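Colleague: What follows is a predicted structure for the sequence shown.
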Amino acid sequence: MLNAQQQAVVAHGDGALLVIAGAGSGKTTVMAHRAAALIGRGLDPGRLLLLTFTRRAANELKRRVAGLLRDQGLDLPWAGTFHSVAVRLLRRHGGLIGIDPGFSILDESDSRDLLGLAAEPEAEREAAETPPNPAAPDQDGFPPKGVLCRLYSYQRNTELPLPEVIARIAPTHAKRQEALQRAFAAYEARKKASHGLDFDDLLHAWRDLLRSPHAAALELFDAVMVDEYQDTNTLQAGILDGLCRRHRRLTVVGDDAQAIYAFRGATVENILAFPDQFAPVSLLPLETNYRSSQEILDAANALWAEATRGYRKRLTAARGPLGERPRLETVETDWRQAEAITAAIEIACYREGVPLREQAVLFRSSHQAFRLEMALQKARIPYQKYGGQRFTDTAHVKDAMAFLRCHENPHDETAWRRAFSLLPGVGPASAGRFVTALAATPPEQLADTLAGLRFPAKAQPFREDLLKAFQALAAPGADAAAGLAAVLEFYFPLLRRHYDQPAERETALRELQVLAARYHTTREFLDDLLVNHDPDEDAPGHDGHLTLSTIHSAKGCEWRHVHILNLVEGGLPSGPSQEDGGQIEEERRLLYVAMTRAKDRLVLYQPSIRETAVAGGGVKRAPYKPSRFLSPAVLALFDGGPDGSCAADPVYEPEPDGGGWEIRSSPPVETGPRATSRQARRRREWRWGDE
DNA sequence: GCAGTCGGCTTTTTT
DNA sequence: AGCCGACTGC
């Protein structure tokens, strides 16, 4: 059942192997079979490491390999994302390089907050040195913590010199190089004192471990396989280097046409440099697509043919043509777009018998789906949304986790701050004082120090219960579920004080408790929540839902019907990406990934009018510009369009200013579709109120 | 001096 | 849902 190219990958021996796998070429199946074949040849499955980049890809791969291995009664313990494997290894062996095995994991918002705090002195210093603020109000202030966080993370992932990083991400802050350097150093000191590792630290620490003198004693893996290699960065390549010192049983699978994580420091160079880095390397292609109709692949091929760089490739459909070309639907507004998609999905579901789980709507960024979500709710179509804000990013979940973290790692400044700030009358200043007091005492005396803190009057009523909650956490034999139960009992009154819609949040936290019951220790529970498990994945009724997903989260997935939103300038390509050419090419690859998710039917939507609410309740209407990716050559392969024949429509003629459709001379920037505050808020109220 | 609340404005993508 | 500035109250 495997074709000749696939069999070659499965049969390949022990040398390093690079598989260039086109979209839909069955790479997950092939990886699973190769893993099984290696085990069949005597590899200990406990010493096989399977690495992916995203949790969804990890879950999918795990499921497939496990399915093959279960027949042989085998288990595969080491499969996951780079980050999750790093956490497991560092919990066990991090002590060898000076890492507290009880370290906290700082997720993105944690590190953003801590970095913001660490940078405060720099921001203040600057404010003090430049008091006269002439014409420009806050045009050019000290970067906000979100920008700091992106700069820092990009540097840690690319390991480029700071000036280069600033030039690429935030060139306006070039003059602050030294201040930024000091802020980052202060952040690193705070992290260290907190016994906390952020996402980037996890990868760095793993590589440090592999480069340490203890590496030889920690040869845990006899074979390594990596999925989506085009999305790895040099740091991850360094980890592979360390993993494969003594052997070359390294299989790497990737497709340069699907590289969509450059913004995180991933580089296509990794896959291009692989043959040199791990020489000698065998290179095997997978070129037959088993997913899509030839009509869909023709359109994807045409899109890729216009990329400014990359391996030329043409996908060929094993299924052949299906007799249905992809469609471009031009719609008047975003609202019409939402209605059109809802109608199309209803027709497919109820008249053509295509189940909802076989249909998906994909979009560039999470907020682009807001209007669609409303339309779907109105039509009572159940959906599951992937991408954008995650479960663990919601305030109430972070709060509950903070209490558990305080107990697991008493040095955790971020967690203590969060926990203390929930108490009435306690703000940033008091929380900071409490943290300082805690840091000055050894963890054994935690209970005493806690009891000795001078709470403001308003917080006094919560004092007893707080102490009780921590006692319950420390009780012998307290497992994850018991710990969380104690925390929630204490936390619910605070939750009700702090947030809107407390009932929904409480329900969500009760769900969390069901999840906690699956774990023995609180630490395993927290680790999985942050770096492994996706609670949405196994939501009940998952199978009966339509999928809404960011394109990033859709990678590796497939559906019979795929709808793609907002094929307009500012939508796809997205607004912020239009400034430099490299980012535009990443947007093109995103569209390529999105299009190649479809098996039978692919529909792109292009609204022509952008409606934004203005202050006072009015609506401003402005024309959208069609996405530059829909060139005449691409559109010739689509049905539909403004007058039913895409290629002939004057809207898509080259620009009169001589730019044409060449990417390098594309028309000037136009801002993208954005839900204005008013619209966004209205939507939220509606959503919350209706749920 | 500190905490808390309200109104107005803005949100790429993932671990 | 966060951020910022403005304002209120202890």
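Modeller: Cool, got the structure.

Colleague: In PDB, could you pull the C-alpha coordinates for whichever strand or helix holds residue A:527?
Modeller: Assigned by DSSP states H and E, residue A:527 falls within helix A:522-531. What follows is helix A:522-531, C-alpha atoms only, in PDB (Å, rounded to 0.1, in the frame of the first residue of the first chain):
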ATOM      1  CA  THR A 522       0.500  18.600  40.500                       C
ATOM      2  CA  ARG A 523       3.800  19.100  38.700                       C
ATOM      3  CA  GLU A 524       2.900  16.600  36.000                       C
ATOM      4  CA  PHE A 525      -0.500  18.300  35.700                       C
ATOM      5  CA  LEU A 526       1.000  21.800  35.300                       C
ATOM      6  CA  ASP A 527       3.700  20.600  32.900                       C
ATOM      7  CA  ASP A 528       1.200  19.000  30.600                       C
ATOM      8  CA  LEU A 529      -1.100  21.900  30.700                       C
ATOM      9  CA  LEU A 530       1.600  24.300  29.600                       C
ATOM     10  CA  VAL A 531       3.600  22.300  27.200                       C
END
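
Colleague: Which strands or helices does it pack on?
Modeller: helix A:82-93, strand A:104-106, helix A:395-408, helix A:480-498, helix A:502-516 (3 or more C-beta pairs under 8 Å, 6 or more residues apart in numbering; DSSP states H and E). Where C-beta positions appear, they are placed from N, C-alpha and C, glycine not excepted.

Colleague: so of the ones you listed, which one's packed in deepest?
Modeller: Ranked by mean neighbour count under mean count of other C-beta atoms under 10 Å, the helices and strands packed on helix A:522-531 are led by strand A:104-106, which reaches a mean of 26.

Colleague: can you list contacts of it?
Modeller: Residues from elsewhere that reach strand A:104-106 (C-beta atoms under 8 Å, 6 or more residues apart in numbering): A:87, A:114, A:191, A:194-199, A:202, A:405, A:408-409, A:411-412, A:414-415, A:526-527, A:530-531.

Colleague: same thing with stretch A:360-372?
Modeller: Stretch A:360-372 is contacted by residues A:334-335, A:337-338, A:341-342, A:345, A:385, A:387-389, A:546-551, A:554, A:557, A:559, A:561-566, A:571-572, A:574, A:587, A:590, A:594, A:597, A:673-675, A:679-680, A:683 when judged by C-beta under 8 Å, 6+ apart.

Colleague: List the ones among those residues that fall in helices.
Modeller: Of the positions in the contacts of stretch A:360-372, A:334-335, A:337-338, A:341-342, A:345, A:551, A:554, A:587, A:590, A:594, A:679-680, A:683 sit in helices, assigned by DSSP state H.

Colleague: Can I have the buried ones of the residues you listed as a PyMOL selection?
Modeller: Filtering the ones in helices among the contacts of stretch A:360-372 down to the buried ones (16 or more other C-beta atoms under 10 Å) takes a single PyMOL command:
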select buried, chain A and resi 334+335+337+338+341+342+345+551+554+587+590+594+679+683
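
Colleague: out of the ones in helices among the contacts of stretch A:360-372, which one sits closest to DNA strand B?
Modeller: residue A:680 (3.7 Å; C-beta to the nearest atom of the strand).

Colleague: picking up where we left off before, mind giving me CSV with the helices and strands packed on helix A:522-531 and columns for mean pLDDT?
Modeller: Converted to CSV, these look like this (pLDDT from 0 to 100):
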stretch, mean pLDDT
helix A:82-93, 95
strand A:104-106, 95
helix A:395-408, 92
helix A:480-498, 90
helix A:502-516, 87
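
Colleague: So which of these is nearest DNA strand C?
Modeller: Proximity to DNA strand C (C-beta to the nearest atom of the strand) singles out helix A:395-408 among the helices and strands packed on helix A:522-531, at 4.3 Å.

Colleague: Packing partners of the closest one?
Modeller: Packing partners of helix A:395-408 (3+ C-beta pairs under 8 Å, 6+ apart): helix A:413-421, helix A:460-474, helix A:480-498, helix A:502-516, helix A:522-531.

Colleague: Can you give the distance of the third one from its chain's centre?
Modeller: Right, helix A:480-498. The chain centroid and the centroid of helix A:480-498 are separated by 28 Å, computed with C-alpha atoms, centre = their mean, to the nearest Å.
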